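Chemist: Pasting a predicted model and its sequence here:
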Amino acid sequence: MKNFFTLTLCFLTLSLTAQVDCPNPTDSDGICDSFCQEDLNSDGIIGVQDLLLVLSEFGCSSLCDNDINQDGYVAVQDILQLLGEFGNTCEISGFQNCGDLVYHEGYDYSTVQIGDQCWFSENCRYLPDVFPSNEQSSNEPHYYVYGYEGTNIEAAKGSDNYEIYGVLYNRPAVVTDDICPLGWHIASDEEWQTLEISLGMSESIAMELDFRGTNEGAQMKSISGWFNNGNGTNTSGLNSRPGGLLSGIGFYGLELHGFWWTSTVSENSYLVRQLVFGDDSISRQYESPEAGLSARCIQD
């Protein structure tokens, strides 16, 4: 974008409805469409109020507090730096209703409405780095593609397992800010329970550990990607595919097991979900933080 207005320090009031100079708006409505295609506050103007909204979403109290690049004044460049640091800020612009695609980090994720929740209907594939299976950590974010033993991100993304099953994450990786787009997050244990209850599980059973329920797991499973096509019906639309896991012994269980992190920690233990080939139920269990598991995002 060119010819941005500039805000001097704490000088907000004169520009609250200023527009970005956009000589060639893409839809000829006079409103610039280049700022992430986002009139964030829906007032018909892409201006400072939209930028303030971006700042507030990342915990910034006002522009006056945010000379981000420390050049002595607060201007659009500071906000652009924020946008660069939170690169997913502008990626929800194409999403209007659950069922639409959500663009994030170069990929369009499919979504599905299940009860009152909106879920990704495929595994996360955010891959800022990639590690071989013998490099495991419980403290630093580690990312894996099942069966890939190199460190080249593009090569890992070119593998069939990445395309079908997505990425395996250790616990530190799955809680990074960039794994889900803005407005989405890794589902909590409680949100998984809500999903299970909406598929027919009782509240008391949903609170139990280990495999439980009747056919809720089968409703979650995809009808492809499992060994011998598995037993999934995918009546939920969640389309869960078995990406296996990375454990202390290496990669294990592709096409037979699917594991998904929750965001919930209970007494320093990490709650996850597991689906198994040939079993209609779903397990609520604990896993160690260095394990590599799949992940799903849910809308805020």
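Modeler: Yep, it's here.
Chemist: Tell me who's in contact with the nearest residue in space to residue 176 that is not next to it in sequence.
Modeler: Leaving aside its chain neighbours, residue 176 sits nearest to residue 141 (5.7 Å; criterion: Cβ to Cβ, 6 or more residues apart in numbering). For the C-beta atoms, the positions are set from N, CA and C on the backbone; glycine is no exception. Residue 141 makes contact with 129, 169-170, 172-173, 176, according to Cβ atoms under 8 Å, 6 or more residues apart in numbering.
Chemist: With respect to residue 252, which of those is nearest?
Modeler: Nearest to residue 252 among the contacts of residue 141 is residue 170, at 14.8 Å by Cβ to Cβ.
Chemist: Could you measure from the closest residue to that closest one other than its chain neighbours over to residue 231?
Modeler: Nearest residue to residue 170 in three dimensions, chain neighbours excluded: residue 142, at 4.5 Å (Cβ to Cβ, 6+ apart). Taking Cβ to Cβ, to the nearest Å as the measure, residue 142 and residue 231 are separated by 32 Å.
Chemist: Before we move on, what's the pLDDT of the residue nearest to residue 176?
Modeler: In the predicted model, residue 141 carries a pLDDT score of 98.
Chemist: Could you report the separation of it from residue 292?
Modeler: Going from residue 141 to residue 292 by Cβ to Cβ gives 11 Å.
Chemist: next one: residue 211
Modeler: From residue 211 to residue 292 the distance is 21 Å (Cβ to Cβ).
Chemist: what about the two, which has more around it?
Modeler: Neighbour comparison, residue 211 and residue 292: the larger count goes to residue 292, with 30 against 16 (by other Cβ atoms under 10 Å).
Chemist: Spell out which residues are contacts of both of residue 141 and residue 292.
Modeler: Jointly contacting residue 141 and residue 292 under the rule Cβ under 8 Å, 6+ apart are 169-170.
Chemist: tally of neighbours for residue 127?
Modeler: Neighbour tally, residue 127, other Cβ under 10 Å: 22.
Chemist: Quick check, it in contact with residue 163.
Modeler: No: between residue 127 and residue 163 there is no contact under Cβ atoms under 8 Å: 11.9 Å.
Chemist: if I pick residue 284, what's in contact with it?
Modeler: By Cβ under 8 Å, 6+ apart, the contact set of residue 284 is 189, 192, 206, 208-210, 212, 271-273.
Chemist: now residue 247
Modeler: Shown in contact with residue 247 (Cβ under 8 Å, 6+ apart): 291-292.
Chemist: try it again with 6 Å
Modeler: Contact analysis of residue 247 by Cβ atoms under 6 Å, 6 or more residues apart in numbering lists residue 291.
Chemist: Mind pulling the model confidence for it?
Modeler: Residue 247 is assigned a predicted lDDT (pLDDT) of 95.
Chemist: Phi, psi for it please.
Modeler: Phi and psi for residue 247, reported as degrees, to the nearest 10, are phi -120, psi -170.
Chemist: what pairs with it across the strands?
Modeler: Note on residue 247: beta-bridge partners by DSSP bridges are residue 250.
Chemist: Distance of it relative to residue 170?
Modeler: With Cβ to Cβ as the criterion, residue 247 and residue 170 are 11 Å apart.
Chemist: Equivalent analysis for residue 113, please.
Modeler: Distance, residue 113 to residue 170, by Cβ to Cβ: 30 Å.
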